[in-house]
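J.: Sequence first, predicted coordinates after that:
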Amino acid sequence: MALHPRARQVVDAAAKHGLAIEVREFPAGTRTAQEAADAIGVQVGQIVKSLVFVAGKTPILVLTSGSNRVDEGHLGTVLGGPIERARAETVRSSTGFAIGGTPPFGHATPLPVWIDRDLLAYDVVWAAAGTHTHVFAVTPGDLVRVTGGRVIAVSSPADR
């Protein structure tokens with residue numbers, strides 16, 4: 001069976017960084033972190049949520065653990081200015097992917113990437129592979145390496 005074109009794009013982007021990934025498809029969908037964790041059979045914290053925010057006028061990507069909620073005020077303080085959730089059109093135009101299937105790399109335009117430090121607690125995490133039904137496993141170390149992301153706390157200290 002041929003791989004979905006969006007998933008192929010993610011596989012090719014990973015390969016450009018020397019990372020071989022195996023995409024798995026879950027036809028019932030993996031739109032939410034909980035749906036993905038249930039489908040794959042892992043803890044919700046092992047799911048990588050790829051969230052696009054806007055800092056000033058610049059889209060940024062935040063890769064957070066499925067068990068965490070991004071504290072926009074805290075993250076804005078870390079980044080040195082206010083941030084807000086990107087609208088669906090901004091997500092699609094900056095990444096080339098829709099919300100619910102946005103992968104951590106392989107985007108239409110390079111984005112600054114911030115990675116939730118809580119993802120590093122796992123041996124393997126799972127991320128979207130371009131659609132709401134395709135996912136892949138990756139080590140947190142490879143996720144950091146391939147995205148060039150900066151590891152930070154994305155939730156406020158009170159939330160941890």
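T.: Thanks, I have it.
J.: nearest spatial neighbour of L111, skipping sequence neighbours?
T.: Leaving aside its sequence neighbours, L111 sits nearest to L61 (Cβ to Cβ, 6 or more residues apart in numbering; 4.5 Å). In short, each C-beta sits where N, CA and C put it, glycine included.
J.: Show me what the helix or strand that neighbour falls within is packed against.
T.: Using DSSP states H and E, L61 sits in strand 58-65. Secondary-structure packing of strand 58-65 (3 or more Cβ pairs under 8 Å, 6 or more residues apart in numbering; DSSP states H and E): strand 47-55, helix 88-95, strand 113-116, helix 140-147.
J.: center of the protein, which residue is that?
T.: S50 (2.6 Å; Cα atoms, centre = their mean).
J.: Hmm, Q9 is touching A128, no?
T.: No: counting by Cβ atoms under 8 Å, Q9 stays clear of A128, with 12.0 Å between them.
J.: Compare neighbour counts for these two and give me the winner.
T.: Set Q9 next to A128 and count neighbours by other Cβ atoms under 10 Å: A128 wins out with 28 against 19.
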